[in-house]
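[1] the following comprises the amino acid sequence and a computationally predicted model.
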Amino acid sequence: MISGSASMVAEASHSWADTGNQIFLLIATRRSSRVADANRPMGYGREAYVWSLLAAVGLFVVGAAVSVWHGISICCANRAGTRTTSSPMWCWGSLPLRGVLVDPGGAPTA
């Protein structure tokens, strides 16, 4: 992040996301391995699914938020005179084209 490299920022955020995901899964493993008691006679095994869902949704939401934030900051960066070389009009104008070139599965078609 100190170098200003986009790939290093992406790798750092990926490492943080993996760490958070593993913490959720560790909680899931520990909580679901508890033995049955009077409150839950069938046990706690299915609780792992809830924590796994929270990990997946958390990764999706944080990833989407970072992507939107990064896209908006890049499109608006030229106005502040920062390091981008393209104009904000080009960034905003190309959004419909990007939507057409990406299929519903998320893979670029061109």
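    Thanks, I have it.
[2] buried residues, the strand or helix carrying Trp51. List them.
    Of the helices and strands defined by DSSP states H and E, Trp51 is found in helix 47-77. For helix 47-77, burial by neighbour count (16 or more other C-beta atoms under 10 Å) applies to Glu47, Ala48, Trp51, Ser52, Ala55, Ile74, Cys75, Ala77. In short, each C-beta sits where N, CA and C put it, glycine included.
[3] wait, isn't the second one in contact with Ser32?
    Yes. Under the criterion of C-beta atoms under 8 Å, Ala48 lies in contact with Ser32, with a separation of 3.8 Å.
[4] all helices of the protein, in order?
    Secondary structure of the chain (DSSP state H): helices at 6-32, 47-77, 88-93, 95-101.
[5] out of the ones you listed, nearest to Asn39?
    helix 47-77 (12.3 Å; C-beta to C-beta).
[6] pLDDT averaged over that closest one - what is it?
    Regarding helix 47-77, the rounded mean pLDDT is 82.
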